[in-house]
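show me the folded form of this:
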Amino acid sequence: APRDENPVNVAVAIGCGWGRVVDTTPWGSHWGAAILAMTKEFGRSVAVSTKLLGLVVGDVHIAPIEQRELAEVMGVAFVRGCTCGRHRRVCDDARLHRCCIREHSVQHWDPNTAHLSAYVDQAVRGLAGSTLKGAAFAEGMLYGELRPEGRLRRAAVEGVACPSCGVVREDGNCSVHGSAVANHEALRVAMVNRLVVPVTAGGQYVTRQRWICGDNKCATLFPITTAHTCPRCAWTPADATVPRSKQVWVRAPRAPRAYAYGEIFEREI
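Numbers count the residues shown, from 1 in each chain. This is a model prediction of the structure:
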């Protein structure tokens, strides 16, 4: 085995088609035991990723039965060809809109660069480490399964900057300086690449449209009302035009918790 990879993992990858030509007949020369082993590897990664995701958003409820189903779906796609629709700017197959992210295919695994388990983690959650990053997670296969159902979004979240150190937090409470700025004087900005769970999926986030102050020295976000004057710097658009606007996500009162997929079934058995 190249590097210090477990030889069994190399055998599993080969059985899934890595490093060889696989005929085009349905499941032609794939090894059934290798496919099963790969889906189990995805099951491990999905379980870990779910825990990490819970630390970030706290509201995504993926029951164990759904984790197993997701692992099977993504594991087979990893072997047979991913169709999650995530595209990079340069796409080899833009016309057919097939998945263009190399890490979503066992064929592109390089054992001299990463162990198979780390490569699977990268396919599932965008990064193989023990932390989640919004931009990277959105490139993963798990996000590709959750987003179309409206259960998770990578989005811009409204935050308030501390006037003393510039640290941006959703509640505006700096851990060092506290909340030492009046609401109308606060610099509100969009924190990009945040993972949020919408209220409709049992989370705490809803969308809001905000005006953007046209003064580049201010550029704060402020609520859309009939008045177009920035409450922070008193900027007003010229010639009776309206300011530019931006959609952000903000916290809303917690909605009643809905049962997660599979919970009722598991509770009954």
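
give me the three-state assignment for R194.
strand (DSSP: H, G, I helix; E, B strand; the rest coil).

assign the closest residue in space to it that isn't next to it in sequence to helix, strand or coil.
Closest residue in space to R194, ignoring its immediate chain neighbours: V157 at 4.3 Å, by C-beta to C-beta, 6 or more residues apart in numbering. Where C-beta positions appear, they are placed from N, C-alpha and C, glycine not excepted. Under three-state DSSP, V157 falls in the strand class.

what separates V157 from G134, distance-wise?
Remark: distance between V157 and G134 (C-beta to C-beta, to the nearest Å) = 10 Å.

overlap in contacts, those two.
Residues touching both V157 and G134 (C-beta atoms under 8 Å, 6 or more residues apart in numbering) are R194.

now do the strands in the protein.
153-161, 168-169, 187-196, 205-212, 221-223, 245-251 (DSSP state E).

pLDDT wise, what is the residue nearest to A155 when sequence neighbours are not counted at?
Here the nearest residue to A155 in space, its sequence neighbours aside, is W249; by C-beta to C-beta, 6+ apart that works out to 4.9 Å. Looking at W249, its pLDDT reads 95.

any idea how far P163 is from R125?
Here the criterion is C-beta to C-beta. By it, P163 lies 35 Å from R125.

neighbour count winner among the two?
R125 (27 against 16; other C-beta atoms under 10 Å).

that older thread, so for C82, which of the strands of the chain sits nearest?
For those, proximity to C82 was assessed by C-beta to C-beta; strand 153-161 is nearest, at 18.4 Å.

re earlier: if the residue nearest to R194 is in a bridge, with which residues?
M191, W249 (DSSP bridges).

how many other residues sit next to it?
Neighbours of V157 using other C-beta under 10 Å come to 20.

how about I224?
I224 has 14 nearby residues by other C-beta under 10 Å.

do the same with G203
Residues near G203, counting by other C-beta under 10 Å: 24.

quick check, it in contact with H61.
No: judged on C-beta atoms under 8 Å, G203 makes no contact with H61 at a distance of 9.9 Å.

what residues are up against A138?
Taking C-beta under 8 Å, 6+ apart, one finds 86, 126, 147, 154, 193 in contact with A138.

what does the model give K51 for pLDDT?
Per-residue pLDDT puts K51 at 94.

oh, I was asking about R169
The model reports R169 with a pLDDT of 85.

what residues are up against it?
Listed by C-beta under 8 Å, 6+ apart, the contact partners of R169 are 159-160, 162.

and the residues you listed, which of them are buried?
Among those, those scoring as buried are 159-160, 162 (criterion: 16 or more other C-beta atoms under 10 Å).

give me the number of residues near A118?
Counted with other C-beta under 10 Å, the neighbours of A118 add up to 15.

check contacts around the residue nearest to it when sequence neighbours are not counted.
Leaving out its chain neighbours, the residue that sits closest to A118 by C-beta to C-beta, 6+ apart is A128, at 4.0 Å. Residues near A128 by C-beta under 8 Å, 6+ apart: 114, 118-119, 121-122.

give me the pLDDT for A128.
Reading off the model, A128 has pLDDT 90.

the one 10 residues further on now?
According to the model's per-residue confidence, A138 sits at a pLDDT of 91.

quick one: it and L146, what's the gap?
Distance, A138 to L146, by C-beta to C-beta: 10 Å.

before we move on, the earlier item: can I get the buried ones among the contacts of R169 in CSV with pLDDT and distance to R232?
Output for these, formatted as CSV (pLDDT from 0 to 100; distance: C-beta to C-beta, whole Å):
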residue, pLDDT, distance to R232
G159, 91, 15
V160, 90, 11
C162, 82, 15
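
distance to T226 added to these, as TSV?
Converted to TSV, the buried ones among the contacts of R169 look like this (distance: C-beta to C-beta, whole Å):
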residue	distance to T226
G159	25
V160	24
C162	30
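
still on that earlier bit, my read is that the residue nearest to R194 contacts Q247, right?
No: V157 lies out of contact with Q247 (C-beta under 8 Å); the separation is 11.0 Å.
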